[in-house]
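A.B. asks: Okay, sequence plus prediction incoming.
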Amino acid sequence: MASTTTQTGKPAGHQWAVLMATSGKKHWPPMGRTQWPLTTGGQSEQIDIAIYDRQYSPIWFQSPAGERIVPVESIYAVFEVKQKVDASKLRYASEKAASVRRLTRTSGKIVDIHGTHNGPRTAQRPILSGILALDSGWKSGIRSETGKSHIERTIGDARLDMGLALLDAAFDNTTPPYNEEMLEPGLHFSPEGTQLLWFCLRLFRRLQAIGTAPAVDLSLYEDALFKSSSPPHPVESLQDE
């Protein structure tokens, strides 16, 4: 799927999300007529659907083309949208997921009624990923041995945790890292005829098991702002002729 624009230049159809990392390197991405300072180590590839938190990570940036720039700290899950699920689409979605997970996340302090606390370790807040489609590209469906084999090949940063082929089945691929107190490991499939509701329930369970996303460390943005600011030009004294 591709992003399109109307004759007025406004985005039509769905908008992309581009996730950014805060690893300390300076970067000034163009956003319309203004240049915004980021402390970034890179950006992900374009993401079709991103579930993200806005409590601790402000969404500041959006390009004229409709790209929304989201701090990676705020991300809970990312999904690729396709017409069908097959081997090539699973690989493509897993590459998109890896481009998000490889970004460096920070975890700033959090303030509540009990005081100021250190944020959670980012390893305790894994980012979910998956694929959403209308149907399966395999005649025997996602549940087939072929489908299982290709799902289980997505590992590490490129793992796919969940998927839905609306006319076929849904899957939940629970592999490390995950909350062992709330989830059971393994590749699970929806019962016949329940795929949409089953997928939603499983997604909510996976999100519950993650907890609240870490807060972005805004001090990095402030540091980048000062480091990137050019020194003021010296004022030349004017002499009367």
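C.D. replies: That came through fine.
A.B. asks: Could you list the residues in contact with the host helix or strand of Gln83?
C.D. replies: Under the criterion of DSSP states H and E, Gln83 resides in strand 75-85. With contact meaning Cβ atoms under 8 Å, 6 or more residues apart in numbering, strand 75-85 is reached by 1, 14, 17, 19, 47-53, 89, 92-93, 96-97, 100, 127-137, 142, 147, 161-163, 165, 168, 203, 206-207, 210, 213. Yep, even glycine has a C-beta here, placed from its N, CA and C like the rest.
A.B. asks: So which of these sit within strands?
C.D. replies: 17, 19, 49-52, 128-136, 162-163, 165 (DSSP state E).
A.B. asks: Out of those residues, which end up buried?
C.D. replies: Buried by 16 or more other Cβ atoms under 10 Å: 17, 19, 50-52, 128-133, 135-136, 162-163, 165, out of the ones in strands among the contacts of strand 75-85.
A.B. asks: What is the nearest of the residues you listed to Pro176?
C.D. replies: Taking Cβ to Cβ as the measure, Leu128 is the one of these closest to Pro176, at 13.2 Å.
A.B. asks: Leaving out chain neighbours, which residue sits closest to the closest one?
C.D. replies: The spatial neighbour of Leu128 that comes closest, neighbours along the chain excluded (Cβ to Cβ, 6 or more residues apart in numbering), is Ala77 at 3.7 Å.
A.B. asks: next one: Ala209
C.D. replies: Distance criterion Cβ to Cβ, 6+ apart; nearest residue to Ala209, sequence neighbours excluded, is Asn179 at 3.8 Å.
A.B. asks: what's the burial count for the one you found?
C.D. replies: By other Cβ atoms under 10 Å, 15 other residues sit near Asn179.
A.B. asks: again, but for the one 10 residues further on
C.D. replies: The tally of other residues near Phe189 (other Cβ under 10 Å) stands at 20.
A.B. asks: Next, the angle from the strand holding Gln83 to strand 128-136.
C.D. replies: Here strand 75-85 runs at an angle of 20 degrees relative to strand 128-136 (axes from the mean of the first three to the mean of the last three Cα atoms, to 10 degrees).
A.B. asks: Give the pairing partners of strand 75-85; include direction for each.
C.D. replies: Paired with strand 75-85 in the same sheet, following DSSP bridges, are strand 49-52 (antiparallel), strand 128-136 (parallel).
A.B. asks: just so I know, which of the ones you listed lies nearest Leu218?
C.D. replies: Across the strands paired with strand 75-85, Leu218 has its closest neighbour in strand 49-52 (16.4 Å, Cβ to Cβ).
A.B. asks: Tell me where the chain has helices.
C.D. replies: For the chain, helices defined by DSSP state H occupy the ranges 87-101, 145-152, 195-210, 218-228.
A.B. asks: any chance of those in a markdown table, plus distance to Asn118 and mean pLDDT?
C.D. replies: Below are those laid out as a markdown table (distance: least, Cβ to Cβ, whole Å; pLDDT from 0 to 100):
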| stretch | distance to Asn118 | mean pLDDT |
| --- | --- | --- |
| helix 87-101 | 22 | 95 |
| helix 145-152 | 36 | 96 |
| helix 195-210 | 18 | 95 |
| helix 218-228 | 14 | 71 |
